[in-house]
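>>> Can you look at this prediction? I've put the sequence above it.
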Amino acid sequence: MSVPSEAGGVRLELICGDEAAYSSTLDQLVSDHVASRMTSQDPTLWGPDAESEAGKRLSWVSLGESSRPLVDEITALRDELLAENVDHIVLAGMGGSSLAPEVICATAGVELVTLDTTDPGQVAAALADSLDRTLLVVSSKSGGTVETDSHRRAYEKAFTDQGIDPTQRIVVVTDPGSPLQQTAEDAGYRKVFLADPDVGGRYSALTAFGLVPTGLAGADIGQLLDEAVAVSSALAADDEHNPGLRLGALLGVAHNGGAGASGSDGAGSDGAGSDKVVFADVGSGITGFGDWAEQLIAESTGKLGLGLLPVVVENSRAPGFADAKKDAIPVYLGGVEGSPEPTSGWAAGVSGPLGAQLLLWEYATAVAGRIIGINPFDQPNVEEAKKQARALLDAPDQGSTEEPQLTDGAVQVFGMGFDLSSASTLAEAVQAFFATAPELGYVSVQAYLDRHADRSAADLRSAVALRTGLQTTFGWGPRFLHSTGQYHKGGHPNGVFLQITGAVARDLAVPDRPYTFASLQHAQAAGDATVLADKGRPVLHLHLTDRAAGIGQLLETL
Ligand SMILES: O=P(O)(O)OC[C@H]1O[C@H](O)[C@H](O)[C@@H](O)[C@@H]1O
């Protein structure tokens, strides 16, 4: 084990599978001045192809300071709202526009309702909850994300129907010049916070995107910024104790199979490297950190057939963690002490307050990106699924008439990209599907369901991991499309995809739009499955005609 290090409130314990490769890479990062160059926003660190994107994506390094003026502005608005008895904050935002707020509020123990779903039941339940006390924060960097626009429309109508002036109850966070800024100004919404445009969505935790909803909900955002500032000089230092360089070096070198340079010799399924980062919380004091880190790591690194797949597990005894194989780097959030020797040789323990860890992981991911040899600031494959979904929305009958290949109880079975013809039961279909997964590949379970009402679907992660012995991720659709979706299409091509959809009891219109929440949800699932199958990835789509019965049946089958 390398010597534990502490800097700026962060403690790192690293277990290195190849000390020589790790140390020489760390030395190289120090002598290349990677940390100070990153802090001075040098866009050349990731090669010529990444330079123009990196040139407008590096402002996150100094947000601890530059976001400070927002604190008073947000606090003043919160005081105004409380004086009006408006204390129920709902956030409409996808990916980088909601994942950080969720972890910040959960950790602070303050209530924030996050809407990053198109499930009609889940949206309807949110609309029915405390509307008289509700403020909606509509967050979108691009200002063009369909889910967020749909939520804004639904809330605007709901407020109006209840005799509440919607303009007083909607606040917007967006980039300057976005179509959402225009919409907000035309409508006269209460306030528009313009975010720093030189920060990408997944690095935006300490911009207005992270701070506005959480500060309005009552989290101590001043403290969060203080925590980031406390670690920032350690992250900027060109020395071997820098925790960002150390953690980034471990992730990059483990991915490359011990090679310091770019990952051209591959990882994962060919046995060369460890291409999965498995997160278990062992007492970090932070709630849901892995869900935020998931987007940062997957979207930043999962491209060109390379990258690190984040896997968030239930606890350190969960399948995929304690029994992790050589394709995995276990990460102990809260400290590695007393852990068993990892099979891959690589592991990390990370502790520290949330504000510091947000910045630490951003540095480490960008450093790992340099070692792996990708541009950590683009997301070249995310648009593909959106395009397919749009095409299906324009032709809404496509797909819905498709006949299942078999029906077993409450589960209709459809297969894409692999042969299902010999299966006549759910159990056989599942068996045939798992048989397509490569050794040291992964299974991605994707549930386009109601995260609250259908929460038992999340048990499928450990059930699949136990059954297959493969690293298994779980994501709620369409939320994961804005997080791990990039990796599924652009990362190591060793995944298989279990997609679950469910019957809709009552659909919900998207006001002034030709689609409903159910048709949008359907188009998103079908669009992503088509893109995956077109790339040769096996997709098993299970449609639950009765959600509760179907989840139960599937768990039993596994
Ligand atoms: O904030 P928005 O522009 O609405 O974008 C929300 C999300 O959209 C896409 O999926 C991007 O890949 C994500 O990085 C982003 O966080």
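Happy to help now that I have it. Since this is a predicted model, take the numbers as computed values, not measurements.
>>> switch to C-alpha atoms for all contacts and neighbour counts from now on
Fine.
>>> Next to the ligand, which bits of the chain? Give me the list.
94-97, 140-143, 145, 201-202, 379, 382, 482 (Cα under 6 Å from any ligand atom).
>>> Out of those, show me where the pLDDT dips lowest.
Lowest pLDDT of these: Val382, 89.
>>> Need the phi and psi values for that residue.
phi -70, psi -40 (degrees, to the nearest 10).
>>> my guess is it contacts Gln486, does it?
Yes - with contact defined as Cα atoms under 8 Å, Val382 and Gln486 form a contacting pair (5.2 Å).
>>> what's the farthest-apart pair in the residues of the chain next to the ligand?
Gly143 and Gln379 (17.0 Å; Cα to Cα).
>>> Just want to know which of those two has more residues nearby.
Shown here are Gly143 and Gln379; by other Cα atoms under 10 Å, Gly143 has more neighbours (22 against 19).
>>> from memory that one sits against Pro176, does it?
No - if you go by Cα under 8 Å, Gly143 and Pro176 don't touch, sitting 9.6 Å apart.
>>> sorry, back to before: among Val382 and Gln486, which residue is more densely surrounded?
Gln486 (26 against 21).
>>> Tell me which other helices or strands the host helix or strand of that one touches.
In this structure, Gln486 sits in helix 485-490 according to DSSP states H and E. Applying 3 or more Cα pairs under 8 Å, 6 or more residues apart in numbering; DSSP states H and E, one finds that helix 485-490 contacts helix 289-301, helix 517-534.
>>> Okay, buried residues for the last one please.
Buried residues in helix 517-534, counting neighbours by 16 or more other Cα atoms under 10 Å, are found at 517-533.
>>> Show me how far that helix is from its chain's centre.
With Cα atoms, centre = their mean, to the nearest Å as the basis, helix 517-534 stands 18 Å off its chain's centre.
>>> Which residues does that helix contact?
With Cα atoms under 8 Å, 6 or more residues apart in numbering as the test, helix 517-534 has contacts from 118-120, 150, 384-390, 392-393, 396, 399, 416-417, 448, 477-478, 488-489, 499, 501, 504, 507-510, 538-539.
>>> Which ones among the residues you listed lie within strands?
Mapping those onto strands (DSSP state E) picks out 416, 448, 499, 501, 539.
>>> Count the residues that sit near the fourth one.
What that stands for is Thr501. Summarising burial for Thr501: neighbours were counted as other Cα under 10 Å, giving 24.
>>> And the pLDDT at it?
Note on Thr501: pLDDT of 98.
>>> neighbouring strands for whichever strand or helix holds Val172, and are they parallel or not?
For Val172, the enclosing helix or strand under DSSP H and E is strand 170-174. Here strand 170-174 is paired, per DSSP bridges, with strand 134-140 (parallel), strand 191-194 (parallel).
>>> got the CA coordinates for the last one in PDB?
So the one you mean is strand 191-194. The C-alpha atoms that make up strand 191-194 are tabulated as PDB, following Å, rounded to 0.1, in the frame of the first residue of the first chain:
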ATOM      1  CA  LYS A 191     -35.300  35.100 -11.500                       C
ATOM      2  CA  VAL A 192     -32.800  33.800 -14.000                       C
ATOM      3  CA  PHE A 193     -29.400  32.800 -12.700                       C
ATOM      4  CA  LEU A 194     -26.800  32.700 -15.500                       C
END
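>>> what's that strand in contact with?
Counting by Cα under 8 Å, 6+ apart, residues outside strand 191-194 touching it are 170-176, 181, 184-185, 208.
>>> 10 Å - rerun?
Identification of contacts with strand 191-194 by Cα atoms under 10 Å, 6 or more residues apart in numbering yields 70, 73-74, 77, 137-139, 141, 167-178, 180-182, 184-185, 207-209, 212.
>>> Kindly write the ChimeraX command that selects the buried subset of these.
To isolate the buried members of the contacts of strand 191-194 in ChimeraX, using 16+ other Cα under 10 Å:
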select :70,74,77,137,138,139,141,167,169,170,171,172,173,174,175,176,180,181,184,207,208,209,212
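>>> intersection of neighbour lists for Val382 and Gln486?
What both Val382 and Gln486 touch, as defined by Cα under 10 Å, 6+ apart, is the set Glu299.
>>> so where do the helices sit in the stretch 201-350 of the chain?
Ranges of helices within the stretch 201-350 of the chain are 208-217, 221-236, 243-255, 289-301, based on DSSP state H, counting those that start in this stretch.
>>> Deepest-packed of those helices, please.
Compared across those, helix 243-255 shows the largest average neighbour count, a mean of 30 (mean count of other Cα atoms under 10 Å).
>>> what's the angle from that helix to helix 289-301?
Inter-element angle recorded for helix 243-255 and helix 289-301: 70 degrees (by axes from the mean of the first three to the mean of the last three Cα atoms, to 10 degrees).
>>> for helix 243-255, what is the average pLDDT?
Helix 243-255 comes out at a mean pLDDT of 98.
>>> try stretch 9-18
96.
>>> Could you tell me whether Thr472 really is in a strand?
Yes - secondary structure of Thr472 (DSSP: H, G, I helix; E, B strand; the rest coil): part of a strand.
>>> Identify the residues contacting it.
Per Cα under 10 Å, 6+ apart, neighbours of Thr472: 278, 310-313, 319-320, 441-445, 460-466, 495-497.
>>> Please, a ChimeraX command that selects the buried ones among the contacts of helix 517-534?
Filtering the contacts of helix 517-534 down to the buried ones (16+ other Cα under 10 Å) takes a single ChimeraX command:
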select :118,119,120,150,384,385,386,388,389,390,392,393,396,416,417,448,477,478,488,489,499,501,504,508,509,510,538,539
